[in-house]
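Peer 1: predicted structure and sequence below. I'll ask about it afterward.
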Amino acid sequence: MTPSHFAFTSAFMLGLTGLALHRYHLLSALLCLEGMMLSLFIALSLWTLQLDSTCFSASPMLLLAFSACEASAGLALLVATARTHGTDHLQSLNLLQC
Amino acid sequence: MNPYVLITLLFGLGLGTTITFTSSHWLLAWMGLEINTLAIIPLMTQHHHPRAVEATTKYFLTQATAAAMLLFASTTNAWLTGQWEIQQMTHPFPTTMIILALALKVGLAPMHSWLPEVLQGLSLTTGLILSTWQKLAPFALLLQIQPADPFILITLGLTSTLVGGWGGLNQTQLRKILAYSSIAHLGWMMLILQFSPTITLLTLITYLLMTTSTFLVFKLNKATNIATLAISWTKTPALTSLTPLILLSLGGLPPLTGFMPKWLILQELTKQDLSTLATLTALTALLSLFFYLRLSYAMALTLSPNNATGTTPWRLSSTQSNLPLALSTTTSILLLPLAPAAMALFTP
């Protein structure tokens, strides 16, 4: 395992742990998701740089575009949740547990 | 919803699944899954109801996490082995992680708890799309990777059949019952995946047919819980006598279509000297059968007391198209004699 591999793996795992265990605000969950996507961006960029290949160089930009779409969908859902539930606490998302 | 927006979203759903089907590179497969997720989110929130918004938020969080885990595992695979091909997964760690991510995406047992809640918050049409079309892309990926360790798939499968049967026992809400039935059927598919992918594909197709007809029947009756289902004889008497057959086909009783995948799976497991596992799964199918039987009982064998105005909805004609319902109902009841032909069709 190279140092760069270790760096992005630990960044991703930290984001995943935060998403799984820190369940208080919806916004913090979205931030953890964004951190995971950014660590994947670093991973793909380093892969391209290490290989020195041009055919793979578009992939980090594609990933960034998709993660931006995903983040905007998440923020739209944050607004929708704030309008319907009055708060962004994940605890208040309990209407469907019957 | 604006028809242009609706067409764009439905096109996006089709495009995402098609990209995942045709890709051999993990990044493209991931893009297809993301397009799929992003396209169904506006469909899920089209009624601005707190339940719909909550279900969409939960769906978004699980699907985004699963997709990120999938891409992380494939990137790790590329760093470890230098390979981006879907069919060339050799390292055990990324393979296991990808299987877990796809299990989270389709809702298999240890990662299943989002599925009943999400399905409960949706309309029946969106629920139909969610439990049929959205399963295709993850299963196309699952069918292409060969796990090194048989333990994980068997654990996922057996837990899913158990939880799917157990969770549905105490439910009165039809969409939650259908969600648990989906979990149980996906468990059967996972059990057989490493021994015979052909049978997995056959099980998936028959499950899609049966669940389509069930959702369409419930949509025609506008039923979301058992009590509403119990007065469906006032709307469509002929369909009411047919629906127990569909439900028992989902449960897997012999002269119906649902028996075919269970039969083949049990036979294949016995061939692989796993008769204990086969017995256990057959026993967990009994748990599922119990709630299908309860639905059939409430629908066809009881006559709940109603006032005169409650029993006249047959006067209102339905605007729903009958052709999909007729086709899926016929195939989900009568397909068992075609089992050899179906097996030959799916054998590569």
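Peer 2: Sure thing, it's come through.
Peer 1: going forward, measure contacts and count neighbours with C-alpha atoms only.
Peer 2: OK.
Peer 1: what does chain A put close to chain B?
Peer 2: A:5, A:12, A:16, A:33, A:36-37, A:40, A:43-44, A:47, A:59, A:66, A:70, A:73-74, A:77-78, A:80-81, A:84-85, A:93, A:95-97 (CA under 8 Å from any CA of the partner chain).
Peer 1: filter the residues you listed to the buried ones?
Peer 2: A:5, A:12, A:16, A:33, A:36-37, A:40, A:43-44, A:47, A:59, A:66, A:70, A:73-74, A:77-78, A:80-81, A:84-85, A:93, A:96 (16 or more other CA atoms under 10 Å in any protein chain shown).
Peer 1: looking at the residues you listed, which are in helices?
Peer 2: Mapping those onto helices (DSSP state H) picks out A:5, A:12, A:16, A:33, A:36-37, A:40, A:43-44, A:47, A:59, A:66, A:70, A:73-74, A:77-78, A:80-81, A:84-85.
Peer 1: show me the strands in chain B, by range?
Peer 2: With strands called from DSSP state E, chain B shows none.
Peer 1: kindly list the longest helix within it.
Peer 2: If you go by DSSP H, chain B has its longest helix at helix B:50-81.
Peer 1: what average pLDDT does that helix get?
Peer 2: For helix B:50-81, mean pLDDT rounds to 94.
Peer 1: how far off centre is it?
Peer 2: Helix B:50-81 sits 19 Å away from the centroid of its parent chain (CA atoms, centre = their mean, to the nearest Å).
Peer 1: helices and strands around that helix, which ones?
Peer 2: In terms of contacts (3 or more CA pairs under 8 Å, 6 or more residues apart in numbering or on different chains; DSSP states H and E), helix B:50-81 is packed against helix A:3-21, helix A:26-51, helix A:59-85, helix B:26-44, helix B:92-106, helix B:114-120.
Peer 1: ranking those helices by burial, who's on top?
Peer 2: Ranked by mean neighbour count, the helices and strands packed on helix B:50-81 are led by helix B:114-120 with a mean of 25 (mean count of other CA atoms under 10 Å in any protein chain shown).
Peer 1: pretty sure B:F346 contacts B:L204?
Peer 2: No. Taking CA atoms under 8 Å as the definition, B:F346 is not a contact partner of B:L204, at 11.2 Å.
Peer 1: compare the two (neighbour count), which wins?
Peer 2: Higher neighbour count among B:F346 and B:L204: B:L204, with 21 against 13, using other CA atoms under 10 Å in any protein chain shown.
Peer 1: now do that one against B:N225, distance only.
Peer 2: 26 Å (CA to CA, to the nearest Å).
Peer 1: close to chain A: what parts of the stretch 1-150 of chain B are there?
Peer 2: Within reach of chain A by CA under 8 Å from any CA, the stretch 1-150 of chain B has these residues: B:27, B:31, B:34, B:38, B:49-51, B:53-57, B:60, B:64-65, B:68, B:71-72, B:75, B:79, B:117-118, B:120-121.
Peer 1: may I see the PyMOL selection of the buried members of those residues?
Peer 2: Selection of the buried residues among those in PyMOL, burial being defined by 16+ other CA under 10 Å:
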select buried, chain B and resi 27+31+34+38+50+51+53+54+55+56+57+60+64+65+68+71+72+75+79+117+118+120+121
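Peer 1: measure whatever residue of the stretch 201-348 of chain B ends up closest to chain A to B:A52 for me?
Peer 2: Proximity of the stretch 201-348 of chain B to chain A (CA to the nearest CA) peaks at B:N225, 12.1 Å away. Computed as CA to CA, the B:N225 to B:A52 distance reads 17 Å.
Peer 1: please apply the same query to B:T22.
Peer 2: Counting by CA to CA - B:T22 and B:A52 are separated by 32 Å.
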